[in-house]
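Colleague: Need the 3D shape of this:
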Amino acid sequence: MKSRWTTYKGARVMYCDFSNFKSDVNALRAEVEAADRDIIKEPAASALILVDMRNTVASGPAVELFKESAKLTNSHVKKQAVIGVSGFKRFLADVVARFSGQGMRLFDTEAEAMDWLVGSYDGGHVVGGA
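Modeller: Take a look at the predicted model:
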């Protein structure tokens, strides 16, 4: 599993590393499901999540996968930031956020995303009411 818990400025953050999944939705599914298993162990509304989507191809099956994941983990997530989403992928992120009710913010850099998650930055593109 590439995804892992990390600490940033004293806060525990789940780094969901969904980067570089070009077209293998089965490998992406395995990674997402492994990350979800860790996230749902957390208390309600407590998990800080960074999702890295750099160099991952957006497809219909991938969007469905993320909708399923969001429904499963939504009640455990306090804040969610996403990097590596631009153009059409940004539109799809908004679709997932609106469908699942799981708000998120989109960022250009990992540092901006992490700073927002721990409360020291107030930027990013809001989707889904985050």
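
Colleague: which residues touch the residue nearest to the spatial centre of the chain?
Modeller: In the chain, the C-alpha nearest the mean C-alpha coordinate belongs to residue 51, at 3.2 Å (CA atoms, centre = their mean). The contact partners of residue 51, by CB atoms under 8 Å, 6 or more residues apart in numbering, come to 16, 18, 80, 81, 82, 83, 104. Where you see a C-beta, it was placed from the backbone N, CA and C, and this is true even at glycine.

Colleague: 7 Å - rerun?
Modeller: The neighbours of residue 51, taking CB atoms under 7 Å, 6 or more residues apart in numbering as the test, are 16, 18, 80, 82.

Colleague: Assumed it was part of a strand.
Modeller: Yes: the assignment for residue 51 by DSSP: H, G, I helix; E, B strand; the rest coil puts it in a strand.

Colleague: just to revisit the earlier point, quick check: the farthest pair among the contacts of residue 51?
Modeller: By the measure CB to CB, the contacts of residue 51 have their two most distant members at 18 and 80, which lie 12.5 Å apart.

Colleague: These two: which is more packed in?
Modeller: The residue with more neighbours, out of residue 18 and residue 80 and counting by other CB atoms under 10 Å, is residue 80; that gives 26 against 23.

Colleague: Phi first, then psi, for that one.
Modeller: Geometry field for residue 80 lists phi and psi as phi -140, psi 130, criterion degrees, to the nearest 10.

Colleague: for this protein, which spans come out with low pLDDT?
Modeller: Low-confidence segments of the chain, defined by pLDDT under 70: 88, 99-100, 120-130.

Colleague: all strands for it, in order.
Modeller: 4-8, 11-17, 47-52, 77-83, 104-107, 125-127 (DSSP state E).

Colleague: ok, now which ones touch residue 12?
Modeller: So, once contact is read as CB under 7 Å, 6+ apart, residue 12 ends up touching 5, 48.

Colleague: distance of it from residue 66?
Modeller: In this structure, residue 12 and residue 66 are separated by 22 Å, where distance is defined by CB to CB, to the nearest Å.

Colleague: what does residue 74 give?
Modeller: The value you get for residue 74 to residue 66, if CB to CB is used, is 12 Å.
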